[in-house]
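Peer 1: no sequence on this one, just coordinates:
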C-alpha cells in the first residue's frame, strides 16, 4: 500500500505535523510519498527542477492507494493536491487537527472518501484499519457507503 501525504511544511508546527504523519505511516509499515522528503524544491530552484518536482508529485498522487490531506493552515498546494486526487479517483483522508467544532468546507467534506480525522489518535486508528484490511478495495468501497460528514459545513 502506498500513501501520498499532502501537507504544508513551511513552519515548525506544520513540519512537526507532517513528520508525525510520516512516523504513523512507518509504524504501520505503510509506504508513503512525502513531497517534503521526496521532491522538496527551494524558492530559487530552476525551471527544470520545478517541472520535475511537479510531475513527480502528480505521478505519486495517481499511483497512491489514497492520500492524507492536511487541512490545517488551508495551504493552497495541499488543496490543489486534494482536488487532483479527487479528479483522478484517488481516495482522500482529510486530517483536520485544529478544526475543533468549527464548520468544515463543503467541497472537502464531500470529496473525502473516508471520515475526517480531527486528532492524531483518530488518524492513527484510520491508518491502522486501512493498512490491516483484508482488501483495500473492499475497505474503500465500504467506507464510501458509510461516509458522511457529521458537523456544520461552511
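Peer 2: Ah, there it is. These numbers come from a predicted model, not from an experiment.

Peer 1: okay, now residue 128: neighbour count?
Peer 2: 14 (other C-beta atoms under 10 Å). Every residue, glycine included, has its C-beta placed from N, CA and C.

Peer 1: before we move on, what about residue 23?
Peer 2: Around residue 23 there are 11 other residues, counting by other C-beta under 10 Å.

Peer 1: what are the bridge partners for residue 6, then?
Peer 2: Beta-bridge partners of residue 6, counted by DSSP bridges, are residue 69.

Peer 1: give me every residue that touches it.
Peer 2: Taking C-beta atoms under 8 Å, 6 or more residues apart in numbering, we find residue 6 in contact with 35, 61, 67-70, 77-78, 81-82, 85.

Peer 1: Closest one of these to residue 15?
Peer 2: Of all the contacts of residue 6, residue 70 has the smallest distance to residue 15: 11.4 Å, by C-beta to C-beta.

Peer 1: Pipe the contacts of residue 6 into CSV and attach secondary structure and distance to residue 99 per row.
Peer 2: Listed next are these as CSV, based on DSSP: H, G, I helix; E, B strand; the rest coil; distance: C-beta to C-beta, whole Å:
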residue, secondary structure, distance to residue 99
35, helix, 22
61, helix, 23
67, strand, 18
68, strand, 15
69, strand, 13
70, strand, 11
77, helix, 19
78, helix, 14
81, helix, 18
82, helix, 15
85, helix, 20
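
Peer 1: May I see those residues organised as a markdown table, with pLDDT, distance to residue 18 and neighbour count added?
Peer 2: Shown next, in a markdown table, are the contacts of residue 6 (pLDDT from 0 to 100; distance: C-beta to C-beta, whole Å; neighbours: other C-beta atoms under 10 Å):
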| residue | pLDDT | distance to residue 18 | neighbour count |
| --- | --- | --- | --- |
| 35 | 96 | 9 | 23 |
| 61 | 98 | 16 | 21 |
| 67 | 98 | 13 | 27 |
| 68 | 98 | 9 | 26 |
| 69 | 98 | 11 | 26 |
| 70 | 98 | 7 | 25 |
| 77 | 96 | 12 | 14 |
| 78 | 98 | 10 | 23 |
| 81 | 98 | 13 | 24 |
| 82 | 97 | 15 | 24 |
| 85 | 98 | 17 | 23 |
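
Peer 1: Nothing else from me, thank you.
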